[in-house]
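**Q** I need the structure of the sequence given here:
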Amino acid sequence: MKYQTYRLGPAASCAAVLVGTLGAASQTAPPALTPPARPNWLTVASLGVKEGYDNNVLLVANRRPGLSPQASWITTVSPKLGVDFVPLLGRSNLWQTLSLTYAPDFAIYHDATSENYNAHRLNQTAKARSGDVSFALDNAFLFNDGSRQAPTYALDQTVVPVDQYDKFRNIYSTAAVRERREQIQDRATVSFQYDTDQYFLRPIATLLDYDLMTDWHNNGSAPYLGYQNYVDRADVNGGLDAGYKLTGKLAATLGWRYGHQYQQSLPNDIDSNVMNGQQEQSSNDYQRILAGLEGHPWSWLNVKLAGGPDFRHYNPAAAVFNHHPVKFYGEATLTATLTTSQSLTFSYKQWQWLSSVGKVPYYESTYSLAYHANLTRKLGLDLGGKLANSDYTSGNNVSGNAPSLHNDSMLTLSGGLSYAFTPHFSMSLAYANDFGRNNLKDLPASDHPEYRNFEHQTVFLAAVYQF
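**A** Numbering: from 1, shown residues only. You can find the predicted model right below:
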């Protein structure tokens, strides 16, 4: 008697069966058992569950007197479903991508229920080409179903406002907490591009919009001493890039943008401060001239960068020292493929933006570095670092009970391991440590600058199943 081994598909629980044959008689192998193929229009279908721990939910300073850090365990459930409509359109030479992805997060803070939220994310991507003309659209829409009450940074409501130590907090403290509140965010970029052998022209427009839906309260008296009022803000611009192809894969660019930034003002019953007879806010118009480089200077390096002068015109109600400043605008992303299993990505951005926590605009600078390595076929390693700085010294709302003079920074160090047990199931472990610091050395003692320093740590264990 002879024996032959036949391998089954991945859906089988055993790896092989034995089939006997007698003499010259032959038998046909049973068909392989394989899972049904995912349709080509379904780009992703997954379910993730993440359990984590946050040791300082409100990112406070941990000083006495003052609020003590509140810790919480966090459970997050994250389904994800993506569809590309191009395969459903039949044969098409126009559309390359026409996708829609729904990726919500349902987060439960077991020891701080005010921080619970359901983040509904809807991402749309469209790419098309006809001859020398191409089109691209990327839109990331978020509706966050969270608390309508913003955080209150006060130990109690019985002392005078100047002694509410925690209200003199780091800007990055309240920014992190703000992201968990009820709001709508929209980020969109749309562009057309006309290509020739030597150059290209690219009309482009971008939108960044924050519709913050938390309630407003007068934080100058009890019971809302230390309460955080958030205001809406938006940035929209459009312009044109001209590119000259230095090589087949690398182009130099020169661009121009015209844009507008909008900042909502607080009503008079919340904040009675005025500037030139109007409620204070820093809405403005701007123009930018951008020189850049994009493409592959070498096969292992991908580069996209642009920078240049930014000319501002603030409205009369802006609490700024100079209503017509010239600032530098810059952004860059560089990705290096070090080996077939290692990559390094550097990102950078500097620009003048509007605050959601006050009336003074700020100059924001962010630098990040991310390293990824496939240590084995199944084991991955990620290391990262990010430095962010927000400089509010271009103006100062010196009236009222909430001075706006800030120059704060935050350094984030992170690391993680991921392991793919099967092509469908993986797990990961991630850790991050945030260090918030005050960079103004000459603040008066009454502003309690030491309360702008904080440390914040999170750790998460996540499991994802890909259908």
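
**Q** in the stretch 101-250 of the chain, which spans are helices?
**A** Here the stretch 101-250 of the chain has its helices, by DSSP state H, counting those that start in this stretch, at 171-178.

**Q** Okay, now the unreliable bits of it?
**A** Along the stretch 101-250 of the chain, the model assigns pLDDT under 70 to residues 160-164.

**Q** 80 - rerun?
**A** 159-165 (pLDDT under 80).

**Q** go on, the stretch 301-450 of the chain?
**A** 396-404, 446.

**Q** Now do the domain split for this structure, please.
**A** 1-35, 42-466 (automatic domain parsing).

**Q** so of the ones you listed, which one's packed in deepest?
**A** domain 42-466 (a mean of 17; mean count of other Cβ atoms under 10 Å). C-beta: built from backbone N, CA, C; applies to glycine.

**Q** Identify the residue nearest Leu301 in space, chain neighbours excluded?
**A** Of all residues not flanking Leu301 in the chain, Ala336 sits nearest, at 5.2 Å (Cβ to Cβ, 6 or more residues apart in numbering).

**Q** The one you found sits in which helix or strand?
**A** strand 326-339 (DSSP states H and E).

**Q** and if you look at Trp351?
**A** Going by DSSP H and E, Trp351 is in strand 342-353.

**Q** What strands line up against the next helix or strand after that strand, and which way round?
**A** Next in sequence after strand 342-353, counting helices and strands by DSSP H and E, comes strand 362-374. If you go by DSSP bridges, strand 362-374 pairs up with strand 342-353 (antiparallel), strand 379-391 (antiparallel).

**Q** Can you name the residues that contact Ala188?
**A** 137-140, 206-207 (Cβ atoms under 8 Å, 6 or more residues apart in numbering).

**Q** beta partners of it?
**A** Asn139, Leu207.

**Q** If you count contacts, what does the helix or strand encompassing Ala251 end up packed against?
**A** Take DSSP H and E as the rule and Ala251 turns out to sit in strand 250-263. Contacts defined by 3 or more Cβ pairs under 8 Å, 6 or more residues apart in numbering; DSSP states H and E place strand 250-263 against strand 233-245, strand 284-298, strand 301-314.

**Q** Turn the ones you listed into a markdown table, including distance to Val49.
**A** Shown next, in a markdown table, are these (distance: least, Cβ to Cβ, whole Å):
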| stretch | distance to Val49 |
| --- | --- |
| strand 233-245 | 34 |
| strand 284-298 | 39 |
| strand 301-314 | 33 |
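
**Q** mind checking which of the ones you listed is nearest Ala107?
**A** Ala107 lies closest to strand 233-245 among the helices and strands packed on strand 250-263, at 23.9 Å (Cβ to Cβ).

**Q** Adjacent strands (with direction) for the closest one?
**A** Sheet partners by DSSP bridges: for strand 233-245, these are strand 199-212 (antiparallel), strand 250-263 (antiparallel).

**Q** Residues contacting that strand, please?
**A** Outside strand 233-245, the residues that touch it by Cβ under 8 Å, 6+ apart are 197-210, 251-264, 286, 288, 290, 292, 294, 353-356.

**Q** what do you get for stretch 408-424?
**A** 10, 170-172, 378-390, 426-439, 452, 465-467.

**Q** let's see it at 6 Å
**A** For stretch 408-424, contacts defined as Cβ atoms under 6 Å, 6 or more residues apart in numbering pick out 170-172, 378-390, 426-439, 466.

**Q** Using CSV, write out every CA atom in it.
**A** Extracted in CSV, the C-alpha atoms of stretch 408-424 (Å, rounded to 0.1, in the frame of the first residue of the first chain):
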residue,chain,number,x,y,z
ASP,A,408,4.7,75.7,25.2
SER,A,409,6.2,72.5,23.8
MET,A,410,5.6,68.8,24.0
LEU,A,411,8.0,65.9,23.3
THR,A,412,6.5,62.5,22.6
LEU,A,413,8.5,59.3,22.6
SER,A,414,6.8,56.1,21.5
GLY,A,415,7.5,52.5,20.7
GLY,A,416,5.6,49.4,19.7
LEU,A,417,5.8,45.7,18.7
SER,A,418,3.3,43.9,16.4
TYR,A,419,3.0,40.2,15.6
ALA,A,420,1.0,38.6,12.8
PHE,A,421,-0.2,35.2,14.1
THR,A,422,-2.0,34.5,10.8
PRO,A,423,-2.6,36.6,7.6
HIS,A,424,-5.9,37.5,9.3
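
**Q** Thought Ala463 was touching Ser428, still the case?
**A** No: between Ser428 and Ala463 there is no contact under Cβ atoms under 6 Å: 8.1 Å.

**Q** Look up the residues forming beta bridges with Tyr102.
**A** According to DSSP bridges, beta-bridge pairing links Tyr102 with Leu81, Leu122.

**Q** how close does it sit to Leu59?
**A** 30 Å (Cβ to Cβ, to the nearest Å).

**Q** Over to Phe143?
**A** In terms of Cβ to Cβ, Phe143 sits 24 Å off from Leu59.

**Q** rewinding a little: let me have the strands paired with strand 233-245 in TSV, adding distance to Thr97 as columns.
**A** What follows is the strands paired with strand 233-245, written out as TSV (distance: least, Cβ to Cβ, whole Å):
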stretch	distance to Thr97
strand 199-212	18
strand 250-263	22
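
**Q** of all the ones you listed, which lies closest to Asn374?
**A** That would be strand 250-263 among those, by Cβ to Cβ, at 27.7 Å.

**Q** List the neighbouring strands of the next helix or strand after the closest one plus their orientation.
**A** Later in the chain than strand 250-263, the nearest helix or strand by DSSP H and E is strand 274-275. In the sheet, strand 274-275 lines up against strand 278-279 (antiparallel) (DSSP bridges).

**Q** The residue nearest to Trp353 when sequence neighbours are not counted pairs with what?
**A** Among residues not flanking Trp353 along the chain, Glu364 sits closest, at 5.1 Å (Cβ to Cβ, 6+ apart). Taking DSSP bridges as the rule, Glu364 bridges to Trp351, Ser390.

**Q** what's the spacing between Glu364 and Leu266?
**A** Relative to Leu266, and taking Cβ to Cβ, Glu364 is found at 22 Å.

**Q** before we move on, back to that, could you export the strand holding Ala336 as PDB, CA atoms only?
**A** In PDB, the C-alpha atoms belonging to strand 326-339 read as follows (Å, rounded to 0.1, in the frame of the first residue of the first chain):
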ATOM      1  CA  VAL A 326       5.400  88.000   7.400                       C
ATOM      2  CA  LYS A 327       6.000  84.500   8.600                       C
ATOM      3  CA  PHE A 328       7.700  81.400   7.200                       C
ATOM      4  CA  TYR A 329       5.500  78.500   6.100                       C
ATOM      5  CA  GLY A 330       7.100  75.100   5.600                       C
ATOM      6  CA  GLU A 331       6.100  71.500   5.300                       C
ATOM      7  CA  ALA A 332       8.100  68.400   4.400                       C
ATOM      8  CA  THR A 333       7.800  64.600   4.300                       C
ATOM      9  CA  LEU A 334      10.900  62.400   3.600                       C
ATOM     10  CA  THR A 335      10.700  58.600   3.500                       C
ATOM     11  CA  ALA A 336      13.800  56.500   3.200                       C
ATOM     12  CA  THR A 337      13.700  52.800   2.500                       C
ATOM     13  CA  LEU A 338      16.800  51.800   4.300                       C
ATOM     14  CA  THR A 339      16.500  48.100   3.400                       C
END
